[in-house]
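**Q** I'll drop the sequence and a predicted model, then ask my questions.
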Amino acid sequence: MKRIEVEGLPEEPLAAAGLFHQNWLDPIERALEAGLDVMVTLDPADHTHGEWRRAAAAMLARKHAPQRANLVAGTSEKLAAIEAYLVKAPGVTGQYFEAAE
């Protein structure tokens, strides 16, 4: 599973979604098109970011099936636990996980 770490997104949800699509969509899709399953990691954010993150995860998974695409927000310790879960759960794709602290 390839981990793609998204960094530097603004706090405002609409601006964050726009920057995500502008700067990060291409490398994520290239990895999926190369046949890799992808876990996209994001910094934690408040509930106002949930909707665009869930939509991005679902659309990437639909477009690139059978490759798996999931978005995960959290700190490195929690990200490692979710990554371990995803490696063992081959049917899980198109999900947005928020790693609770």
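**A** Cool, the structure landed.

**Q** How much space separates the residue nearest the centre of the chain from Glu7?
**A** By Cα atoms, centre = their mean, the mean C-alpha position of the chain lies nearest to Leu71, the distance being 2.0 Å. Note on Leu71: its distance to Glu7, by Cβ to Cβ, to the nearest Å, is 14 Å. (Glycine included, C-beta is placed from N, CA and C.)

**Q** same thing with Ala65?
**A** Counting by Cβ to Cβ - Ala65 and Glu7 are separated by 27 Å.

**Q** repeat for Ala81
**A** 20 Å.

**Q** ok, the two, which is more surrounded?
**A** Ala81 (12 against 9; other Cβ atoms under 10 Å).

**Q** and the residue nearest to the centre of the chain, bridged to which residues?
**A** For Leu71, the beta-bridge partners are Val40, Tyr96 (DSSP bridges).

**Q** In contact with it, which residues?
**A** Contacts for Leu71 (Cβ atoms under 8 Å, 6 or more residues apart in numbering) come out as 39-42, 53-54, 56-57, 95-97.

**Q** Now restrict those residues to buried residues only.
**A** Among these, those classed as buried by 16 or more other Cβ atoms under 10 Å are 39-42, 53, 56-57, 95-97.

**Q** residue contacts, Phe20?
**A** Here Phe20 is in contact with 6, 9, 52, 56 (criterion: Cβ under 8 Å, 6+ apart).
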